[in-house]
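> Sequence and computational prediction follow.
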Amino acid sequence: MTGIVERHTSPVAPVVPRGGVFTPLGLDESRLAGGFWGERQELNHDAIIPHALHWLERAGWVGNFDNAASGRPYEHRGMEFADSEIYKIIEAISWDRARTGPGGADLHAELDAALDGLVDRLAAAQDADGYLHTLFGRAWQRPRYSDLSWGHELYCFGHLLQSAVANARAGANAKYLQVATALADHVCVMFGENGLRTVCGHAEIELGLVELYRLTGVRRYLDQAALFIDRRGAGTLPRIEYGSAYAQDDMPVREATVLRGHVVRALYLSAGATDVAVETGDTELLHVLETQWANTVATRVYVTGGMGSHHNDEAFGLDYVLPPDRSYCETCAGVASIMFSWRLLLATGKSRYADLIERTLYNVLAASPARDGRAFFYANTLHQRSVSVPAPVNADGLCLRGASSRREAWFEASCCPTNLARTLASLGALWATKDAEGVQIHQYGGASVDTVLADGRRVSLDVETEFPHAGTVRITIRESPGTPWTLSLRVPEWAEGASVSVNGVAEEAAPGAASVTRPFVAGDTIVLELPIEARFVFPHPRVDAVRGCVAVQRGPVVYALESVDLPHGWSTEATVVDVSKPPMSDRDSVRVHLSSADSPVRDFPYSVSAADVTPHLTASAEVPLTPYHDWANRGPSTMRVWIPAGTAE
Ligand SMILES: [Zn+2]
């Protein structure tokens, strides 16, 4: 692999490869400061994490560990993967602690105490041989590894390992890492070369094993992850109704050309395979994964960056099967997509991976939490045809449907809120990287970067911006060695016509990356100007479901037409946008020229006469759109991202 640099320090970050083009920065080196994402990190700390802790107790999922530790028979509460939600929230608290730094000690006393309590309780439930799952293996339960398709045992282990690595890097609870290594050792015995020659129905253990290897240097963890990657696709899992592609067990990872099957499974597997490829120097595998990413993004991704158009099996559709009203776009799929893209960005340095991360951050992750951080979208539809209503809940108050049309407090399968929490807490790590030449900024938002280059030179800078509300990004050098180094800024794929100026001297900057190399001095300012006016987005002609429609995007933010913004008597189902007049936008609003379309109900919704089914435009108005991520925050509504296109008569 080209560009491999051996590293000897370990950043406080979720992904710390030993090779690759870019070196990640720790959460203590790259911090968000206010703005769009900084505010969401505060919301995560103040509301989302405490809300999750409350529900994990209330739903009895933490109690499962207490019951398991007691040795007495008990009724397991929640889904097969309930254990993993506790691990993910421990991961979230760990990253949140690292993010707030030494000055955040007071801020964190309560969450630290909660974390220590959780670790004590889960550690008490661990078996002597390292196994730890609350649903299997006891005398009154199903045997261990008796349901690899649906049991989620190794999946839960993977989350425990990731979480324990996070906790170790953030420096908090020594006991947790012992639990993790004992569990990982158990997995290596049970599933090693001489063990069970199969895989888990849901990929995830691979990510945890590689990261534990990166933390501890214990090679068998990496070898075990590589074994799991190479074993998948041999049809070792039992047959299930959705077919073997559901768990990517239909063909070897190295033979696949596009992602398919259950979206989160596919993306976790790809992220784990990227980790294995990077650690083993397997350029062939890395190339395969880049091809899978490219083909998937070319044909199987929504304009929001969301993935998954099947509700039934939470899976990818065939190429261009991207119906907006059936978009599943699970929040976890957004998280998983970012995980895959981030690993490819570190490995290859290609800005396209950061472009997809940006799109997914603003239009999937940002859409999930309610403004108060106490309700969440699980599925993220692009078209809400009927006024959204509460989904049914069970006796414990848990929402029974992931595809609820409203944000819900907690779900029976509540993978998404905890995934969101751990991602928000660790966002700073996605903002910037470094290499031998200097620093790369990948995402824009108020931030500070303070790091030491490989040759020992210290570099500090501040990023000030109102992005995505405004397109000006101002970077001020706070500390520089006085010798030349390179500041590289990603120019997003949507930003044709961008410019970069250094101390007032501007140059055009094409999409990709703009680099400035010089002996910066403290006080130097670099300004990136991103053209951020709203624009229509047109779909590829093979996306049948939205043919003849347009979407509106401003910078990376996709907009939606929401019924609460329509003139009285209009419907989101009967409007046409005038594409002869470009969208209007300023810092705080986006507006389009819209017409109400009168299409009377007919005896049969088809006709041999085109005139019979051509809508009659009755009235026109300038109508505001809402950022897609902010829809459903103003009461019950209908909504659509793709709007039928026309020209006012
Ligand atoms: Zn989920």
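Nice, thanks for sending it over.

> For this structure, spot the helix or strand the model is least confident about on average.
helix 105-124 (a mean of 90; mean pLDDT, DSSP states H and E).

> so where's the stretch 351-500 of the chain uncertain?
Within the stretch 351-500 of the chain, no range satisfies pLDDT under 70.

> Contact partners for the closest residue in space to Ala375 that isn't next to it in sequence?
Counting by CB to CB, 6 or more residues apart in numbering, Arg407 is the residue found nearest to Ala375 once chain neighbours are left out, at 3.7 Å. For the C-beta atoms, the positions are set from N, CA and C on the backbone; glycine is no exception. Neighbouring residues of Arg407 by CB atoms under 8 Å, 6 or more residues apart in numbering: Ser368, Pro369, Ala370, Ala375, Phe376, Phe377, Ala632.

> Give me the nearest residue to the third one, chain neighbours excluded.
Setting aside the residues directly before and after it, Ala370 is nearest to Arg407 in space (CB to CB, 6+ apart), at 4.6 Å.

> Contacts for stretch 168-182, please.
So stretch 168-182 is in contact with 10-13, 16, 26-27, 90, 94-95, 97-98, 112, 115-116, 119-120, 122-123, 126, 130, 132, 160-161, 163-165, 167, 212, 215-216, 218, going by CB under 8 Å, 6+ apart.

> Run through the residues that contact the residue most central in space within the chain.
The chain has Val335 as the residue nearest its centroid, 1.8 Å off, counting by CA atoms, centre = their mean. By CB under 8 Å, 6+ apart, the residues touching Val335 are Leu365, Asn419, Leu420, Thr423.

> 10 Å instead?
Contact analysis of Val335 by CB atoms under 10 Å, 6 or more residues apart in numbering lists 88, 264, 267-268, 360, 364-365, 368, 415-416, 418-420, 422-424.

> hmm, back to that, work out the gap between the least confident helix or strand of the chain and the centre of the chain.
The chain centroid and the centroid of helix 105-124 are separated by 25 Å under CA atoms, centre = their mean, to the nearest Å.

> Stretch 118-129 too?
That offset, for stretch 118-129, works out to 29 Å (CA atoms, centre = their mean).

> quick one, helices of the stretch 51-200 of the chain?
Using DSSP state H, counting those that start in this stretch, the helices found in the stretch 51-200 of the chain span residues 63-70, 82-100, 105-124, 153-170, 174-191.

> any idea which of those helices scores lowest on pLDDT?
Here the lowest mean pLDDT among these goes to helix 105-124, at a mean of 90.

> Pull that one out as CSV, backbone CA atoms only.
Extracted in CSV, the C-alpha atoms of helix 105-124 (Å, rounded to 0.1, in the frame of the first residue of the first chain):
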residue,chain,number,x,y,z
ALA,A,105,-14.2,17.0,34.7
ASP,A,106,-17.0,18.7,36.6
LEU,A,107,-19.2,18.5,33.6
HIS,A,108,-18.6,14.8,33.5
ALA,A,109,-18.7,13.6,37.1
GLU,A,110,-22.3,12.4,36.7
LEU,A,111,-21.8,10.6,33.4
ASP,A,112,-18.5,9.1,34.7
ALA,A,113,-20.4,7.7,37.7
ALA,A,114,-23.1,6.3,35.4
LEU,A,115,-20.4,4.7,33.2
ASP,A,116,-18.6,3.1,36.1
GLY,A,117,-21.9,1.7,37.4
LEU,A,118,-22.7,0.2,34.0
VAL,A,119,-19.2,-1.4,33.7
ASP,A,120,-19.5,-3.0,37.2
ARG,A,121,-22.9,-4.5,36.4
LEU,A,122,-21.9,-5.9,33.0
ALA,A,123,-18.6,-7.2,34.3
ALA,A,124,-20.5,-9.1,37.0
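
> separation between Arg99 and Leu530?
Distance of Arg99 to Leu530, computed by CB to CB, to the nearest Å: 26 Å.

> If you count surrounding residues, which of the two has more?
Arg99 (26 against 23; other CB atoms under 10 Å).

> Show me what from this structure comes close to the ion.
Glu330, Cys332, Cys415, Cys416 (CB under 5 Å from the ion).

> Contact partners for Thr216?
For Thr216, the contacting residues are Val165, Ala168, Leu177, Ala180, Thr181, Ala184, by CB under 10 Å, 6+ apart.

> could I get those residues as CSV with neighbour count?
Below are the contacts of Thr216 laid out as CSV (neighbours: other CB atoms under 10 Å):
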residue, neighbour count
Val165, 28
Ala168, 21
Leu177, 19
Ala180, 26
Thr181, 18
Ala184, 27
